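Asker: For reference, the sequence and a predicted model appear below.
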There are 2 protein chains.
Amino acid sequence: MRIGELSEHTGTPRRLLRYYEEQGLIVPDRCANGYRDYAEAYVDRVLQIRGLLDAGLPTRIIKQILPCLGRPRTIEIPEATPETIATLERELDRMTARIRCLSRNRDAVADYLDAVRTGTVGAGGG
Amino acid sequence: MRIGELSEHTGTPRRLLRYYEEQGLIVPDRCANGYRDYAEAYVDRVLQIRGLLDAGLPTRIIKQILPCLGRPRTIEIPEATPETIATLERELDRMTARIRCLSRNRDAVADYLDAVRTGTVGAGGG
DNA sequence: GTTGACCCTCACATCAGTGTGAGGGTTTGA
DNA sequence: TCAAACCCTCACACTGATGTGAGGGTCAAC
């Protein structure tokens, strides 16, 4: 599919699809006329990229973790340099920390909203 | 405590402590000479702010969720305008989505690293 | 062969978070 | 009084993710 179609399917501006490519996150084929040609799988890939970006990961890191996602059975171990492994281990820790932080704060916000909705504050509601 | 001390305790550049203040995330007292004077509790607060920033939340949102954190028993319901409530509900959803996305990808990275470490790929390890 | 909807490559602009430094006051200690 | 180590307020600059537009090619429909 071409960039316009992918843009629609993923709700992502064309500009960003080109940007992700510039950052090496996606590498679409090219038609004879120079148009980008995306495989079907890029819909999920782009959605994943956007989710990770939204979660605070920079494109540089996303680029490194993308290769180990999506095909748990066909992991390409040979592609993993010791350097990449180290980066992944570091990022694994950071992601875990992020999840913990987000979870804690999410729960707190949820508790707050609960209290607001029931008009209750623990002080007895009055 | 003064800004230098808070900076040390939180590993946060002075510049950023001033920036967080500029964004309304923290509001230190001032000494007679104009120096900022931070209560002990700001250490945790700043750490929390940095965790949320790292998780992708912008200061604008952090500012809104901060008031409902830290004191689950003394929530100040009256401070919650309907607008704030709506924002919080929206952010709650987004945080949940972020957590899901991060968890899924975290697990995938963990699986990948596991496979690399055991030299196993399902293909038999080469 | 012209129009309109696509696509392309720049390239400048914006916003948030952060670095860095200029220019200057305060406090502490020799 | 002077120096060192703090603090202050600007203010410019960078990076990363994104918006926007200029200038121009491609292709299908008329």
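Answerer: Perfect, thanks for sending it.
Asker: residues contacting the residue in chain A positioned nearest to DNA strand C?
Answerer: In chain A, no residue comes nearer to DNA strand C than A:Gly4, which is 2.7 Å away by C-beta to the nearest atom of the strand. In short, each C-beta sits where N, CA and C put it, glycine included. Residues counted as contacts of A:Gly4 (C-beta atoms under 8 Å, 6 or more residues apart in numbering or on different chains) are A:Arg14.
Asker: Break chain A down into its domains, please.
Answerer: Under the assignment automatic domain parsing, the domains of chain A span A:1-75, A:81-120.
Asker: The shortest one near DNA strand C anywhere?
Answerer: No: for a cut-off given as C-beta under 7 Å from any atom of the strand, domain A:81-120 has no contacts with DNA strand C; the smallest distance is 13.3 Å.
Asker: repeat for stretch A:41-61
Answerer: No: using C-beta under 7 Å from any atom of the strand, stretch A:41-61 stays clear of DNA strand C, coming no nearer than 9.8 Å.
Asker: what sits up against that stretch?
Answerer: Residues outside stretch A:41-61 that contact it (C-beta under 8 Å, 6+ apart): A:1, A:6, A:9-10, A:12, A:17, A:20, A:23-26, A:28, A:62, A:65-66, A:69-70, A:87, A:91, A:95, A:98, B:53-56, B:94, B:97-98, B:101-102, B:105.
Asker: And the residues you listed, which of them are buried?
Answerer: Buried members of the contacts of stretch A:41-61, scored by 16 or more other C-beta atoms under 10 Å in any protein chain shown, are A:1, A:6, A:9-10, A:12, A:17, A:20, A:25-26, A:28, A:62, A:65-66, A:69, A:91, A:95, A:98, B:53-56, B:94, B:98, B:101-102, B:105.
Asker: picking that back up, TSV please, covering the domains of chain A and showing distance to DNA strand D and mean pLDDT.
Answerer: Formatted as TSV, the domains of chain A follow (distance: least, C-beta to the nearest atom of the strand, whole Å; pLDDT from 0 to 100):
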stretch	distance to DNA strand D	mean pLDDT
domain A:1-75	4	93
domain A:81-120	13	90
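Asker: Keep only those of the buried ones among the contacts of stretch A:41-61 that are in helices.
Answerer: A:6, A:9-10, A:17, A:20, A:62, A:65, A:91, A:95, A:98, B:53-54, B:94, B:98, B:101-102, B:105 (DSSP state H).
Asker: Any figure for the gap between the residue most central in space within chain A and B:Gly56?
Answerer: In chain A, the centroid-proximal residue (C-alpha atoms, centre = their mean) is A:Leu52; its distance is 2.1 Å. Here the criterion is C-beta to C-beta, to the nearest Å. By it, A:Leu52 lies 9 Å from B:Gly56.
Asker: Likewise for A:Leu92?
Answerer: Taking C-beta to C-beta, one finds A:Leu92 at 17 Å from B:Gly56.
Asker: One more: A:Tyr35?
Answerer: Applying C-beta to C-beta to A:Tyr35 and B:Gly56 gives a distance of 33 Å.
Asker: One more: A:Leu66?
Answerer: 18 Å.
Asker: now do A:Glu89
Answerer: Counting by C-beta to C-beta, the gap from A:Glu89 to B:Gly56 is 21 Å.
Asker: A:Ile99 too?
Answerer: Distance, A:Ile99 to B:Gly56, using C-beta to C-beta: 12 Å.
Asker: same question, A:Leu102
Answerer: In terms of C-beta to C-beta, A:Leu102 sits 9 Å off from B:Gly56.
Asker: got any residues that touch both of the two?
Answerer: What both A:Leu102 and B:Gly56 touch, as defined by C-beta under 8 Å, 6+ apart, is the set B:Arg98.
Asker: Does the helix or strand harbouring A:Ala86 pack against any helices or strands, and if so which?
Answerer: Secondary structure assignment for A:Ala86, by DSSP states H and E: helix A:82-118. Packing contacts for helix A:82-118, counted by 3 or more C-beta pairs under 8 Å, 6 or more residues apart in numbering or on different chains; DSSP states H and E, involve helix A:59-65, helix B:42-54, helix B:59-65, helix B:82-117.
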